[in-house]
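Novice: need a structure here:
(2 chains)
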Amino acid sequence: MTLKTIVRGKVSGKVVKSNQPINFLGSVDKKTGEVTDQKHDLFGKKIAGSILVFPNGIGSSVGAYTIYSLKSNNSAPTAMACQKVDLTVASGCALANIPLFILSPDEYENMKDGDEVSLG
Amino acid sequence: MELTKDEEKSLNGEHGEALQTAYRILSATGEATDAEKLVPIHWAHVSGVNYNTIGDAGEEFLATLSKNAKFKVRTTINPMGYDKDSVEKFGLDENFIQKQESIRKSYKKMGALPTFSCIPYELYDMPREGTQVSFAESNAAIYANSIGKLKTNKESAFSALASAITGKSPYSDLRKDDFPTMSIAMKVSDPNELAFGLLGYFAGKVADKSVAISGVKTLDKRCNKSMCASMGTSGSCGKFVLDDNSDASEKVDFDEKELQKVYDELNTTDSGDLITLGSPQLGLEEMNDLALMLKGRAFKKRCLIFCPRSIQEQARSLGYAGQLESAGCELMSDCCTCLTPLVTKKDADSVTTNSIKGAYYLKNSNGLDVNLKSLSDIVRDETS
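Specialist: You can find the predicted model right below:
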């Protein structure tokens, strides 16, 4: 049902959804998985263990290491699902083996924060 | 994405773990960008060198990878966490120094050039127009595409690393012929590098892969670098073209009101405890320029200047370094304003800088307040 699979995997879990793009380097604590950017709509939330749904990644190329570190610190989302995938999120998820999906506009719209979903 | 038989074998691990890792990364980025094949690249610039940003997981990953990975093409690398010549001045803990040293050694073992610079485009002559390269470090990727007329996507730390190991990158997006779908009209009169930085930050937020800018004839190096760095910080846009006649379907204005909005988002205080210049690091021309601006003047506060080591050495032999030091500047190499562990809450509550990118990360990663000012205003207000 997803538009495209970038990193394969079968997952289910609770959606944490943001309507803002994420700069993993500047906005997410790589140890705890907490969003630290005060201007972000996920500020103060933990993304660990979630199905993280967001439009796309932005900003620093080193954000890929943040995604990899989250996984190593057991603070990573179970999976990520985006509207469009940038190279930082794609490569970070590939190396960390975090399932990554591109959603169709309808699917993205219909997926709400707190929903229980299965992907892959 | 179609792989050749040999690439397929590498992906399946028949040529060792390092190449398998690299091809796994390229397969994912290739799929994500709908690439049909991999193409050779001639220069990789890799980010993810600073222990402050990549942490223990990154350090361990590079130590393992470097056991059997070798870079196939010229590979330059981003700044690390400190200046190796003045590391003892900054009271960094032993663990930081040891982990940073391990990262440095891993890159050296794989064959990286010890540039520790975010401005590779000022260290080497630009290759022929249209050459495929693979630049992580967003300001360098945008500079390479927009000013250097090279071809790169806005690579991630891992995709550029994978390109360094394989000598290849997915053929997609900005590597092909690209036509901006949005045009931004620059309506701010008499813009300096700060205004272009704010424009870049705005453009990064609203534009897609590339953007046309109208109302700007030419840009000097300082303005170019400022715009490349801020555009890379706020978005995923990897290229701009100065074009008054773009046939982009979407048109947007950037006027005084928009400028003020972006400024208010990033500027959090009226005055900084110290000054940092160089994010991106300063090149020789900017060092010369600043030395001239500071003639007969001296900073009243601490002023840190970040530049690549090879440029500091040139500046020293040409006399600019001495002139800057006489004006109270501290020259730092191998590292950068951005994500430096050298400027923290322990040292200061706030920083004055002309860098939008620096402001973003000083605020979000280092937790400091930021006062944004153009270089000429900094010299006017902070020296006597």
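Novice: and residue 52, what helix or strand is that in?
Specialist: Since you didn't name a chain, this refers to chain A. strand A:51-54 (DSSP states H and E).
Novice: my question was about chain B
Specialist: B:Asn52 belongs to helix B:51-65, assigned by DSSP H and E.
Novice: Can you list the helices and strands that that helix packs against?
Specialist: Under the contact criterion of 3 or more CB pairs under 8 Å, 6 or more residues apart in numbering or on different chains; DSSP states H and E, helix B:51-65 touches helix A:63-72, helix B:94-110. The way it works is simple: take the backbone N, C-alpha and C, and place the C-beta from them, glycine included.
Novice: The longest one to helix B:51-65, inter-axis angle?
Specialist: Note on geometry: by axes from the mean of the first three to the mean of the last three CA atoms, to 10 degrees, helix B:94-110 and helix B:51-65 are set 50 degrees apart in direction.
Novice: cool, and the shortest one?
Specialist: For the pair helix A:63-72 and helix B:51-65, the angle between their directions (the same axes, to 10 degrees) equals 70 degrees.
Novice: who's in contact with helix A:63-72?
Specialist: If you take CB atoms under 8 Å, 6 or more residues apart in numbering or on different chains as the criterion, helix A:63-72 is touched by A:23-25, A:28, A:30-31, A:33, A:47-48, A:57, A:76-77, A:87-89, A:91-93, A:95-98, B:48, B:53-58, B:60-61, B:156-159.
Novice: any idea how far chain B is from A:Met80?
Specialist: For A:Met80, the distance to chain B (CB to the nearest CB, to the nearest Å) stands at 12 Å.
Novice: What average pLDDT does the strand ranked longest in chain A get?
Specialist: In chain A, taking DSSP state E as the definition, the longest strand is strand A:11-17. For strand A:11-17, mean pLDDT rounds to 97.
Novice: related to what we said a few turns ago, after the helix holding B:Asn52, next one along is what?
Specialist: strand B:74-77.
Novice: How far away from the center of its chain is that following strand?
Specialist: In terms of CA atoms, centre = their mean, to the nearest Å, the centre of strand B:74-77 is found 14 Å from the chain centre.
Novice: Do any residues in that strand lie close to chain A?
Specialist: No. Residues of strand B:74-77 are not located near chain A by CB under 8 Å from any CB of the partner chain, the shortest gap being 12.0 Å.
Novice: Show me the contact partners of that strand.
Specialist: Under CB under 8 Å, 6+ apart, the answer for strand B:74-77 is B:42-47, B:49, B:107, B:110-117, B:120, B:123-124, B:164.
Novice: Those residues in helices, which ones?
Specialist: B:Tyr107, B:Met110, B:Pro120, B:Leu123, B:Ala164 (DSSP state H).
Novice: any low-confidence regions in chain A?
Specialist: Along chain A, the parts satisfying pLDDT under 70 run over A:1-2.
Novice: for it, what spans make up the strands?
Specialist: Secondary structure of chain A, counting by DSSP E: strands at A:4-7, A:11-17, A:51-54, A:79-82, A:100-102, A:116-119.
Novice: thinking again about what came up before, so can I have CSV of the helices and strands packed on helix B:51-65 showing mean neighbour count and distance to B:Asp85?
Specialist: Listed next are these as CSV, based on neighbours: other CB atoms under 10 Å in any protein chain shown; distance: least, CB to CB, whole Å:
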stretch, mean neighbour count, distance to B:Asp85
helix A:63-72, 27, 26
helix B:94-110, 17, 13
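Novice: Quick one, which of the ones you listed gets closest to B:Leu372.
Specialist: helix A:63-72 (23.3 Å; CB to CB).
Novice: export that closest one as CSV, just CAs?
Specialist: C-alpha atoms of helix A:63-72 as CSV (Å, rounded to 0.1, in the frame of the first residue of the first chain):
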residue,chain,number,x,y,z
GLY,A,63,22.1,14.0,10.1
ALA,A,64,22.7,10.5,8.6
TYR,A,65,25.0,9.8,11.5
THR,A,66,22.4,11.0,13.9
ILE,A,67,20.0,8.4,12.5
TYR,A,68,22.7,5.7,12.8
SER,A,69,23.5,6.8,16.4
LEU,A,70,19.8,6.7,17.4
LYS,A,71,19.7,3.1,16.3
SER,A,72,23.0,2.2,18.2
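Novice: Now do that helix: distance to the chain's middle.
Specialist: Using CA atoms, centre = their mean, the offset of helix A:63-72 from its chain centre is 11 Å.
Novice: Point out the other helices and strands that the lowest-mean-pLDDT helix or strand in chain B packs with.
Specialist: Ranking every helix and strand in chain B by mean pLDDT, DSSP states H and E puts helix B:356-364 at the bottom, with a mean of 93. With contacts defined as 3+ CB pairs under 8 Å, 6+ apart, the packing partners of helix B:356-364 are helix A:24-27, helix B:193-206, helix B:221-234, helix B:256-266, strand B:350-353, strand B:369-372.
Novice: tell me what the third one is packed against?
Specialist: It refers to helix B:221-234. So helix B:221-234, by 3+ CB pairs under 8 Å, 6+ apart, packs with helix B:138-146, helix B:193-206, helix B:284-293, helix B:356-364.
Novice: List the buried residues in the third one.
Specialist: So that's helix B:284-293. Of all the residues in helix B:284-293, those buried under the rule 16 or more other CB atoms under 10 Å in any protein chain shown are B:Leu284, B:Glu286, B:Met287, B:Asn288, B:Asp289, B:Leu290, B:Ala291.
Novice: The longest strand of chain A pairs with which strands, parallel or anti?
Specialist: Strands that pair with strand A:11-17, judged by DSSP bridges, come out as strand A:51-54 (parallel), strand A:116-119 (antiparallel).
Novice: residues contacting the nearest residue to A:Pro105 once chain neighbours are set aside?
Specialist: With CB to CB, 6 or more residues apart in numbering or on different chains as the criterion, A:Pro105 has its nearest non-adjacent residue at 7.2 Å, and that residue is A:Gln83. For A:Gln83, the contact set (CB under 8 Å, 6+ apart) comprises A:Pro55, A:Asn56, A:Ile102, A:Leu103, A:Pro105, A:Tyr108.
Novice: Most tightly packed of the helices and strands packed on helix B:356-364?
Specialist: helix B:221-234 (a mean of 27; mean count of other CB atoms under 10 Å in any protein chain shown).
Novice: Mind checking what secondary structure B:Tyr23 has?
Specialist: helix (DSSP: H, G, I helix; E, B strand; the rest coil).
Novice: The nearest residue to it once chain neighbours are set aside and chain A, how far apart?
Specialist: Distances taken as CB to CB, 6+ apart place B:Leu11 nearest to B:Tyr23, at 4.1 Å, with adjacent residues excluded. Separation of B:Leu11 from chain A (CB to the nearest CB) stands at 12 Å.
Novice: Could you tell me how far B:Leu11 is located from B:Ala207?
Specialist: Per CB to CB, to the nearest Å, B:Leu11 is found 33 Å from B:Ala207.
Novice: neighbour count winner among the two?
Specialist: B:Ala207 (27 against 18; other CB atoms under 10 Å in any protein chain shown).
Novice: need the contact list for that one.
Specialist: B:Pro180, B:Met182, B:Ile184, B:Gly235, B:Cys237.
Novice: Now the two most distant members of these.
Specialist: Farthest pair in the contacts of B:Ala207 (CB to CB) is B:Pro180 and B:Gly235. Separation: 13.4 Å.
Novice: before we move on, back to that, now, of the contacts of helix A:63-72, which are buried?
Specialist: Among these, the ones that count as buried (16+ other CB under 10 Å) are A:23-25, A:28, A:30, A:33, A:47-48, A:57, A:76-77, A:87-89, A:91-93, A:95-96, A:98, B:48, B:53-55, B:57-58, B:61, B:156-159.
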